[in-house]
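> with the input below, show me the fold.
(2 chains)
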Amino acid sequence: MSREKDAANYAVLFFASVSVLLLIFPASRIAHTARIAASYSLYPSMHYGARYGHFVRNVPANFVALLETDQENRALKDKVRELELRLQNASADDSENERLTGEMGLSRKLPWTGVWARAVGKTPADWYGSFYADKGSEDGVSPNDTALAMQDGRAGLVGRVFEVYPKFSKVLLLTNGSASTVCSLGPGGPDALIEGRGTRLLRMNYVPEEAAPAEGAELVTSPSGILFPRGILVGRVKKIYPRESFMNFITADVVPAVDAGAVKEIFLVKRNIPSEFSPAAQADK
Amino acid sequence: MMTILIEALIYLASGAFYWWWTQNLTFFGLAPDIIFAAALCAAILAGPVKAVAWGFFLGLYADVLGANIFGGYALTYTLMAYGVHVMKRHFDMDGAFSQLVAALSFSWLCMFFYQALNVVFSGTSPLGLKILLAEPLLNALAVPVVFQVFYRLKRRFRVL
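Below is the predicted model of the structure:
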């Protein structure tokens, strides 16, 4: 009995120490590599989808044709959504901004080309934190690509890609407690900081009192932010809190433009962010 | 050797089943935490060292699933397995009712401990009110079922 008790004590000491080491060095190269290897190995089902042909090789040709038609139909739907996005992007003020930006010699490239992907790996424990998309580096997805989704006929910001594997990638939602972005209070309005809280709602901070938006006002990504393309709908103001006596700005609750729980497909916008501006590089500084 | 292979299969099956459940059977974004249930049942059924190892590796799986601190669930489930080992000496945990009570209490304990780890190590707060209130109840319902599955596997293959 005593021997068993000793063994249990040693085991818990060993595993607890390993856990604490993982907690203390979460960003170390070894921990990160192990995490990628583990997640790649523990998600076999994500790779089956790409090899469905192996499973239908003995199926009658008519049925295969039906499957292919379904695949084609999905591809066409994706194409329609992509065209809708491009149409939205080609609005008059955007082209005017592009022209003015060009005249000022600021060559900021805002490409809206990308790839459609499905949200495949949601877990209730991390509902507002992250999920997996079924496209990865083989489809041109790279870290910090912007994730958008359509809701009520408009594109809204979902988050950004923060881990990429060959056939899938992990998307950090804007509602995640560690996510944030700079947004504009309407065209030409002042900037404010939108932060995730790990819940359905976002928190808007650093809003000057005199620029307080009305409830229901739309917030879009700011041109001054590097991480996301400008002009993407982030959310709508739900509730404005009065300024505290010891603060010189106000805060507000914001309903995200896209309900993270309802996202089925996302559009991963290809971003070409210089590595020195990436969040990881900024964190290292 | 065969036992280790079967245990590895049970481990992977637990994770795959949890993944499938959360993809297909969530109700208002809620599902029982099968990983937690598996860790608790393994802790009840297995010897102390193996129970702690099961807790650690299942916690590691849960850490890979999430985007929060890495190692948080591993530490939480490791300590939970040890706690169950200590409790087993004083309480009979083979009955469904005692498992239900243990699942409820350990669910909340683990949630608060994991929340504290997140606050300390990353300054974030991943625990939602809905999960806090509802998930322990779902876990309490799931644990006796998972226990029966593990118990039968233990008798059939002499694992755990």
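
> elements contacting the top helix by length along chain A?
Identified as the longest helix of chain A according to DSSP state H is helix A:61-89. When contacts are defined as 3 or more C-beta pairs under 8 Å, 6 or more residues apart in numbering or on different chains; DSSP states H and E, helix A:61-89 sits against strand A:114-118, strand A:146-151, strand A:154-164, strand A:265-269. (Each C-beta comes from the backbone N, C-alpha and C, glycine too.)

> for chain B, find the nearest of those strands.
strand A:154-164 (7.7 Å; C-beta to the nearest C-beta).

> direction included, what does the helix or strand following the closest one pair up with?
Next in sequence after strand A:154-164, counting helices and strands by DSSP states H and E, comes strand A:169-173. With DSSP bridges as the test, strand A:169-173 is paired with strand A:130-133 (antiparallel), strand A:154-164 (antiparallel).

> okay if I get those as CSV plus mean neighbour count?
CSV is the format used below for these (neighbours: other C-beta atoms under 10 Å in any protein chain shown):
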stretch, mean neighbour count
strand A:130-133, 25
strand A:154-164, 23
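
> how about those strands, which one is nearest residue A:248?
Nearest of the strands paired with strand A:169-173 to residue A:248, taken as C-beta to C-beta: strand A:154-164 at 27.6 Å.

> how far away is the residue in chain A positioned nearest to chain B from residue A:251?
Scanning chain A for proximity to chain B using C-beta to the nearest C-beta identifies residue A:22 as nearest, at 2.9 Å. Computed as C-beta to C-beta, to the nearest Å, the residue A:22 to residue A:251 distance reads 35 Å.

> residue B:139 too?
Distance from residue B:139 to residue A:251, by C-beta to C-beta: 35 Å.

> of those two, who's got more company?
residue B:139 (25 against 20; other C-beta atoms under 10 Å in any protein chain shown).

> my read: that one touches residue B:103, true?
Yes: when contacts are counted by C-beta atoms under 8 Å, residue B:139 is listed as touching residue B:103 (5.0 Å).

> spit out the residues that contact the two alike.
Listed as contacting both residue B:139 and residue B:103 by C-beta atoms under 8 Å, 6 or more residues apart in numbering or on different chains are residue B:37.

> residue A:17 versus the residue of chain B found nearest chain A, what's the distance?
Relative to chain A, the nearest point of chain B is residue B:71 (2.9 Å; C-beta to the nearest C-beta). According to C-beta to C-beta, residue B:71 stands 11 Å off from residue A:17.

> who has more neighbours, these two?
Each of residue B:71 and residue A:17 has its neighbours counted (other C-beta under 10 Å); residue B:71 has more, 25 against 12.

> now the longest helix of chain A: buried residues?
Of all the residues in helix A:61-89, those buried under the rule 16 or more other C-beta atoms under 10 Å in any protein chain shown are A:81, A:82, A:85, A:88, A:89.

> residue A:224: which of these is nearest?
Nearest to residue A:224 among these, with distances taken as C-beta to C-beta, is residue A:89, at 19.1 Å.

> make a markdown table out of the strands paired with strand A:169-173 and add mean pLDDT.
Output for these, formatted as a markdown table (pLDDT from 0 to 100):
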| stretch | mean pLDDT |
| --- | --- |
| strand A:130-133 | 90 |
| strand A:154-164 | 88 |
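
> can you count the residues close to residue A:239?
Using other C-beta under 10 Å: residue A:239 sits among 11 other residues.

> nearest spatial neighbour of the residue of chain A closest to chain B, chain-adjacent residues omitted?
Distances taken as C-beta to C-beta, 6 or more residues apart in numbering or on different chains put residue B:71 closest to residue A:22, at 2.9 Å, once the chain neighbours are dropped.

> what does residue A:261 give?
residue B:29 (5.7 Å).

> mind checking which helix or strand residue A:188 is in?
Residue A:188 belongs to no helix or strand, assigned by DSSP H and E.

> not counting its neighbours along the chain, what's nearest the residue minimising distance to the centre of chain B?
The centroid of chain B falls nearest to residue B:36 when counting by C-alpha atoms, centre = their mean (1.7 Å). Nearest residue to residue B:36, sequence neighbours excluded (C-beta to C-beta, 6+ apart): residue B:139, at 5.7 Å.

> surely the one you found is in a strand?
No: the assignment for residue B:139 (DSSP: H, G, I helix; E, B strand; the rest coil) gives helix, which keeps it out of a strand.

> let's see the pLDDT reported for it.
Looking at residue B:139, its pLDDT is 91.

> and the longest helix of chain A, how far out from the chain middle?
On the basis of C-alpha atoms, centre = their mean, to the nearest Å, helix A:61-89 sits 23 Å off its chain's mean C-alpha point.

> average pLDDT for it?
Here the average pLDDT along helix A:61-89 is 79.

> same check, this time on stretch A:196-203
Computed over stretch A:196-203, the average pLDDT equals 88.

> likewise for stretch B:145-154?
91.

> cool, stretch B:35-51 as well?
92.

> picking up where we left off before, show me what contacts the residue nearest to the centre of chain B?
Residue B:36 neighbours (C-beta under 8 Å, 6+ apart): B:62, B:77, B:106, B:107, B:110, B:139.

> at 10 Å what do you get?
A:125, B:18, B:55, B:58-59, B:62, B:73, B:76-77, B:80, B:103, B:106-107, B:110-111, B:135-136, B:139, B:142-143, B:146 (C-beta atoms under 10 Å, 6 or more residues apart in numbering or on different chains).
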